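1. kindly return the folded structure for what I paste below:
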Amino acid sequence: MKLWCRTGLLVLIAALMAWGWHWVAKDPGYVLIRSHGWQVETSLFVAVVIFLLVWATLVYTWRLLRWPFGALSRQYRRRSRRRLQEGLLALSEGRYGDAERKLNRASRWAALRGSCLLASAEATLYRDEYERALGTLDRAAQLVPHAARVLRARVLRRAGKPGEALSLLVTQSEADKLSPSGWRELTLAALACGDTGRAREALKPLRKSAVLGAQRYAALESRVLLADIEGAGDAEALDALWSQLSKVQRRLPAITEAYARRAASFDLMLPAIDEVESALRREWSSQLVEVWGELSGGDMKARLRCGEGWLNKHPEDGTLLLALGRLCLQLQLWDKARLYLGRSLALNNSLGGWQSLGDVYAAQRDDGQAAHCYRQALLVVAGKTAVLPCPGESEAGRSDTRLMVPEARDAHGIPHMPH
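-> This is a model prediction of the structure:
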């Protein structure tokens, strides 16, 4: 196909040349140049050809005359580009002193000055030399003002001046002229200043730009929302904030946990329990189960039945067993409390499990076993191995530390034997 296209193009060019030659031969034109007794006569076609030859000769001669100076300029540009490359490589390798020197030398070429000064300020910032970084940014601001402003805000924030960094970016944010990195710096500066409302507003353009990536944006969003929830001054402010969050944000386990703990601090036990239980019905999370077990209040017996229903689906969740053991402790169901806590300790040798088991024995006035459990809790804190079961405990009162094995059946309803 390409051969036919090329052949057709050559035929077309040949036809145009033949037609052009016929057109020129029919009337070649006449050009007369007379000056100071000199007279030149020729056809228009020859005059055009002579003009083009003279023009090409002059251009080529000018380039020859400029070549020595151009060679020096080209060598200077190559040297500047090489220094820029070496400086960026040194910056990525952590040789910040070398990076700063090479980038400052590369900045002597005007075409690279702005980017080189920004990278040099970044290298200085890694060495925690904030004043020098700000001095470099003063020069960079004359060439790349927006990028220099964002980097200046980062320097000020890391230097412990988040208020100055925030005021530097607020004006640009109100005019919606910040780059994605500027919105991120604004978010971090607002968090450092305790202005969680402004930080939450800065998340919107960051989400639209999608430059951070899903994982980094989710981490930053969780950080902002957690700070916003922790900063709620009263129950009314917490409810207003919770109602403003989207469904996706409410379903984050860390956000639900923060809300439940903050609501519990305002004695809003029922809303906290409802949110945690709703989240667990949507998606299982041992982190939320731990919060659910620490919350007090509500209908304790109904909560115990709910937790035992979860246990049928998650029989080897040590956190759930610990939460059930604590509920039984509050309901004074000593045998069930020892059962759940013993199985929890068989899965997770945790500080909370030993403390709760010690509380069970202490409530039953078994001081020896209570003291043993508290000693095991201290061993867990020290990072040592605890002893299971409790020594000297009778067989009837011994905590059941066997794992609960769920019954599995095949498609015909025949149970499988556990491995």
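
2. give me the neighbour count for Lys208.
-> Using other Cβ atoms under 10 Å, Lys208 is surrounded by 10 other residues. Every residue, glycine included, has its C-beta placed from N, CA and C.

3. am I right that it sits in a helix?
-> Yes: assessed by DSSP: H, G, I helix; E, B strand; the rest coil, Lys208 belongs to a helix.

4. that one and Pro180, how far apart?
-> Look at Lys208 and Pro180: by Cβ to Cβ, to the nearest Å, they are 9 Å apart.

5. tell me where this protein has strands.
-> Counting by DSSP state E, the chain has strands at residues 31-35, 38-42.

6. and the ones you listed as CSV, adding mean pLDDT and mean neighbour count?
-> CSV is the format used below for the strands of the chain (pLDDT from 0 to 100; neighbours: other Cβ atoms under 10 Å):
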stretch, mean pLDDT, mean neighbour count
strand 31-35, 77, 10
strand 38-42, 78, 11
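
7. need the phi and psi values for the closest residue to Leu238 other than its chain neighbours.
-> Spatially, and ignoring its direct neighbours in sequence, Leu238 is nearest to Ala232 (4.0 Å; Cβ to Cβ, 6 or more residues apart in numbering). Backbone torsions of Ala232, given as degrees, to the nearest 10, read phi -60, psi 130.

8. wait, Ala232 sits on Leu226?
-> No: here Ala232 does not reach Leu226: they are 11.2 Å apart, not a contact under Cβ atoms under 8 Å.

9. ok now do the residue nearest to Leu238, which residues does it touch?
-> The contact partners of Ala232, by Cβ atoms under 8 Å, 6 or more residues apart in numbering, come to Leu238, Leu241, Arg262.

10. any of the residues you listed buried? List them.
-> By neighbour count, with 16 or more other Cβ atoms under 10 Å, these hold Leu238, Leu241, Arg262 as buried.

11. would you turn those residues into TSV with pLDDT and distance to Ser173?
-> Below are the buried ones among the contacts of Ala232 laid out as TSV (pLDDT from 0 to 100; distance: Cβ to Cβ, whole Å):
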residue	pLDDT	distance to Ser173
Leu238	89	27
Leu241	87	21
Arg262	90	28
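
12. pLDDT weak spots in the stretch 251-400 of the chain?
-> 385-400 (pLDDT under 70).

13. could you pull out the helices for it?
-> For the stretch 251-400 of the chain, the helices defined by DSSP state H, counting those that start in this stretch occupy 253-265, 269-282, 286-294, 300-313, 318-330, 334-347, 351-363, 367-381.

14. so which of the ones you listed comes closest to Val155?
-> Proximity to Val155 (Cβ to Cβ) singles out helix 253-265 among those, at 30.2 Å.

15. what angle separates the closest one from helix 286-294?
-> Computed by axes from the mean of the first three to the mean of the last three Cα atoms, to 10 degrees, the angle separating helix 253-265 from helix 286-294 equals 10 degrees.
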